[in-house]
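Undergrad: Mind folding the following:
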Amino acid sequence: MHVIKRWAPTAIFMVAIVSLFALVFVKTAQARPPVCPKIYAPVICDNGKTYPNQCWADRHHATGCVPTGL
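TA: This is a model prediction of the structure:
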């Protein structure tokens, strides 16, 4: 019983730290943009930029994209 009283504050602190780390890790993992395939199918968008494929254009929030025909 004496050992439980001695280690309880440390255990509670460790659980809080691990929970906080897990919460931050999950938030950052969800915020990551999708991984785009390495397929070259260029598109040109309304902003005048050409992207390697539609996925890259979507990652940069480009609109009005059409294939370049290459």
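
Undergrad: what's the next secondary structure element after the lowest-mean-pLDDT helix or strand in the chain?
TA: Within the chain, no helix or strand scores below helix 2-31, which has a mean of 70 by mean pLDDT, DSSP states H and E. Elements were assigned by DSSP states H and E; along the chain past helix 2-31, the next helix or strand is strand 43-44.

Undergrad: what sits up against that next one?
TA: Strand 43-44 is contacted from outside by 50, 51, 53, 54, 57, 65, 66, 67, 68, using Cβ atoms under 8 Å, 6 or more residues apart in numbering. The way it works is simple: take the backbone N, C-alpha and C, and place the C-beta from them, glycine included.

Undergrad: Just the residues you listed: which are in helices?
TA: Among those, the ones falling in helices (DSSP state H) are 54, 57.

Undergrad: how about the contacts of strand 43-44 in CSV, adding neighbour count?
TA: Listed next are the contacts of strand 43-44 as CSV, based on neighbours: other Cβ atoms under 10 Å:
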residue, neighbour count
50, 15
51, 21
53, 17
54, 18
57, 22
65, 20
66, 10
67, 11
68, 11
